[in-house]
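Colleague: Structure for this input, please:
(chains A and B)
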Amino acid sequence: MAEVLVYVDHVDGAVRKPTLELLTLARRLGEPVALALGAGAEATAATLGEHGAVRVLTADAPEFTDYLVVPKVDALQAAYDSVSPVAVLLPSSGEAKEIAARLAVRIGSGLITDAVDLEAGDQGPVATQSAFAAAYSTKSRISKGTPVITVKPNSAPVEPSAAAGTVEALAVSFGDTATGTKVVSREPRESTGRPELTEAAIVVSGGRGVNGAENFAVIEALADSLGAAVGASRAAVDAGWYPHSNQVGQTGKSVSPQLYIASGISGAIQHRAGMQTSKTIVAVNKDAEAPIFDLVDFGIVGDLFAVVPQLTDEVKARKG
Amino acid sequence: MSLRIVVCVKYVPDAAGDRHFADDLTVDREDADGLLSELDEYAVEQALQIADDADDAEITVVTVGPEDAKDALRKALSMGADKAVHVEDDDLHGTDVVGTSLVLAKAIEKTGYDLVVCGMASTDGTMGVLPAMLAERLGVPQVTLLSEVSVEGGTVKGRRDGDAATERLEASLPAVVSVTDQSGEARYPSFKGIMAAKKKPVESLDLGDLDIDADEVGLGGAWTAVDAVTERPARTQGTIVKDEGEGGKQLAAYLAEQKFI
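Modeller: Residues are numbered from 1 along each chain as shown, chains lettered A, B, ... in the order given. Predicted structure coming up:
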C-alpha cells in the first residue's frame, strides 16, 4: 500500500495533538510513516503506532536545535528519498510551514498550506481550505510532483488505530546551507498551564474593552473555569495588555475551537479572519452595533466586567 | 561598500472590501480595490531602518503582478525606498506560490542583493511560505518571522517569537529575512515622499528578461490546482440579549444547554 510521510511535532517525545490528527488524515490516503526528529524522537513511537504509523523514522543531531529550519528540511528530504511517499503531511505551525515550503521547492512539488480537511481523490489528495477571512471555502490539489500539504489543528478527529510503529533510524547528511542560520539563544516560553491556543477546544478572548493588562485576570478566570485557552485581539496586544503569542486574527493565530467566547472585542475583519470557523461563537460587548454580533450564536449586550465574572461564578457553581 | 537591500512586496485586494474569486478560480484583482499588503509595510519599514543605520545603502522594492501592482511599488517608494522593479507579463496570470518564488528569485538575482526583506505573509493568500522558498532558491540563510531585526557589518541578527520559545538568530549576508507585524509601526509617506516617489525609477521586466519559460508559471504551469470555490453561507445571527443584571447567568444557561459546562 502507498505510504504517506507525516512530520511529527513533539516535545521531548510527547506527541502534540495536531500530529495525531494528521495521522487520521494520512490513513485516508495510505499507510502513515512518521518522521520524528530531535531529543526524545524514539519515545514517540508507541503513541504514533497506536495512531496508525506503520513505521517511525527517527534522527537526532545537535544541528536540529542549533540552526534554524534547514537541518530539519535535510532530514525530511532524506525521509522522502527513502520512503517515496504519495504525499507529505505536516502541521500548520510557522516552522513546519517553512520546512514544507523548502521541501516543495527541492523536490519540485506543489504546496498546499492550512488545509482544514483532506480526502483521497482521483488525481491525488484533495484539500479543503478557507479563504478571505473564511468567507470562502476552496478545494485544491497538487498538479506537479508529490503533494506537500500542511494541515491546521482541529481539522480531523484523533482516531486511534493500532499499527506496528516500528522504529527505524534515519541516516541524515546535512547540506552546506544547514548551518546558515545560527540559533544564538533560546528562551522557552513560560508555561501558563492552559491549553495551547490553536489546539484548545474552548477559547476565551479579550479585546479593547478589557481596557488594561491587569483586567485580563477577568478573562483568565473565565478561561480557567472552562479549561480554556486565552486569546486576545490585536488591539489588546498592540496596547501591550497581552502577549503577541496569544493574538487571534489575520496576523496572529487562527483558531477553530468548539466554543469561542469574545469579550470586549468589536469584531474587525482582521479578528474575524482568525476565529470565524469556530463551531459556536459567543460574545459580550457593550456596543450593540459591534460587528461581532453578526457572527454569534449567543450574544450579551452589556459590560463585560459585570457579565464575565457572573458567568465564571456560574460555571464554577455548575461544575461544583 | 553599499548595502543592497531588496524588499519583496505584494499588491493585494483590500481586506476591508469584498474579496472575490474570478471565473477561472484565481483571486479577482479586477473587481476589488488593491493596495500594498499591510504586512509588507512592516518589511519596507525595517528595510528603511536598516538602511538608516548603514553607512551606505540602497533599497530596491520588487513586485510581481499586473499593471495595477505599480501602486504597491509607488507606496513603498513614497515611504522612502530608492527604486523599484516590476515583473509584469500576461503569462504570469494565475501563478502560484512556487512559481512566484521562482520569478522573484530570478528578479532578485538580476537586481543584485545583500539582504532580502519580506513581510511574514500576504494578506490575501496568507500562506507565509514565500520567504523560506526564496532562501531555498537563492541558496542563502533564512532569518524569518522576526519581531526585531538589525544588520551589523556582514551579519543579520533577529529575534523570532515562536510558540514554544523566543530565539535569537544570526546569519551572514547575503540572507533572506521576514518580519512580523510586531517589528514596529510602519511610517506614513510624507507629502515630500509622495512627490519624490513620482521621480524614482521603476524598471519593468518580463519573463524573457528573467529567462523563465511561460510554461513554468501562470495558471497552466501552476504546481497546484483549485478545483472548486464555494462562498461560505453567512452565519445566521443567534440570540442577542441585553444584560439586565442576569447576563452572565443567561450565558451560563446557554453554555450548559450546549453541553459546554
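Colleague: Would the one helix or strand A:Arg106 maps to count as contacting chain B?
Modeller: According to DSSP states H and E, A:Arg106 maps onto helix A:94-107. Yes. Contact of helix A:94-107 with chain B is found when judged by CB under 8 Å from any CB of the partner chain, involving A:Gly94, A:Glu95, A:Lys97, A:Glu98, A:Ile99, A:Ala100, A:Ala101, A:Arg102, A:Ala104, A:Val105, A:Arg106. Quick note: C-beta positions are derived from backbone N, CA and C, even for glycine.
Colleague: and which of these is nearest to A:Gln250?
Modeller: A:Gly94 (14.5 Å; CB to CB).
Colleague: which stretch of helix or strand covers the closest residue in space to the closest one that isn't next to it in sequence?
Modeller: Excluding its sequence neighbours, the residue lying closest to A:Gly94 (CB to CB, 6 or more residues apart in numbering or on different chains) is B:Leu145, at 5.6 Å. Counting by DSSP H and E, the element that carries B:Leu145 is strand B:142-152.
Colleague: Just the strands from chain B, written as ranges.
Modeller: Using DSSP state E, the strands of chain B run over B:3-8, B:11-13, B:34-36, B:57-64, B:83-87, B:115-119, B:142-152, B:155-161, B:165-172, B:175-179, B:202-205, B:224-231, B:239-242.
Colleague: Format those as a markdown table; extra columns: mean pLDDT and mean neighbour count.
Modeller: Output for those, formatted as a markdown table (pLDDT from 0 to 100; neighbours: other CB atoms under 10 Å in any protein chain shown):
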| stretch | mean pLDDT | mean neighbour count |
| --- | --- | --- |
| strand B:3-8 | 98 | 23 |
| strand B:11-13 | 94 | 24 |
| strand B:34-36 | 94 | 22 |
| strand B:57-64 | 98 | 24 |
| strand B:83-87 | 98 | 21 |
| strand B:115-119 | 98 | 29 |
| strand B:142-152 | 97 | 22 |
| strand B:155-161 | 97 | 21 |
| strand B:165-172 | 97 | 18 |
| strand B:175-179 | 98 | 29 |
| strand B:202-205 | 98 | 16 |
| strand B:224-231 | 95 | 16 |
| strand B:239-242 | 96 | 12 |
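Colleague: Which of these sits closest to A:Pro85?
Modeller: If you check each of the strands of chain B against A:Pro85 by CB to CB, strand B:224-231 wins as the nearest, at 17.8 Å.
Colleague: give me every residue that touches the residue sitting nearest the centre point of chain A.
Modeller: By CA atoms, centre = their mean, chain A has its centre lying nearest to A:Pro153, at 4.0 Å. Going by CB atoms under 8 Å, 6 or more residues apart in numbering or on different chains, A:Pro153 touches A:Lys17, A:Pro18, A:Glu21, A:Pro91, A:Ser92, A:Thr198, A:Glu199, A:Ser256.
Colleague: SS state for the nearest residue to the first one once chain neighbours are set aside?
Modeller: When the adjacent residues along the chain are set aside, A:Lys17 lies closest to A:Glu199, with 5.2 Å between them (CB to CB, 6+ apart). On the three-state scheme (DSSP: H, G, I helix; E, B strand; the rest coil), A:Glu199 is labelled coil.
Colleague: can you tell me the average pLDDT over stretch A:109-126?
Modeller: Stretch A:109-126 shows a mean pLDDT of 97 in the predicted model.
Colleague: how far does it sit from the chain's center?
Modeller: In terms of CA atoms, centre = their mean, to the nearest Å, the centre of stretch A:109-126 is found 17 Å from the chain centre.
Colleague: likewise stretch B:107-121?
Modeller: 12 Å.
Colleague: what residue ranges in the chain score low on pLDDT?
Modeller: Using chain A here. Chain A contains no residues with pLDDT under 70.
Colleague: Not quite, go with chain B.
Modeller: Within chain B, the stretches falling below the threshold (pLDDT under 70) are B:1.
Colleague: 80 instead?
Modeller: Where chain B drops to pLDDT under 80, the residues are B:1, B:30-31.
Colleague: And the strands of chain B: which comes nearest A:Gly299?
Modeller: So among the strands of chain B, strand B:239-242 is nearest, using CB to CB, at 4.4 Å.
Colleague: Could you please name the strands the closest one pairs with and the direction of each pair?
Modeller: Using DSSP bridges, strand B:239-242 pairs in its sheet with strand A:298-301 (parallel).
Colleague: picking that back up, can you tell which of the strands of chain B is closest to B:Ile50?
Modeller: With CB to CB as the measure, strand B:142-152 is the member of those nearest B:Ile50 (5.1 Å).
Colleague: chain center to the closest one: distance?
Modeller: How far strand B:142-152 lies from its chain's middle: 15 Å, per CA atoms, centre = their mean.
Colleague: what's the angle from it to strand B:175-179?
Modeller: Interaxial angle of strand B:142-152 relative to strand B:175-179 (axes from the mean of the first three to the mean of the last three CA atoms, to 10 degrees): 100 degrees.
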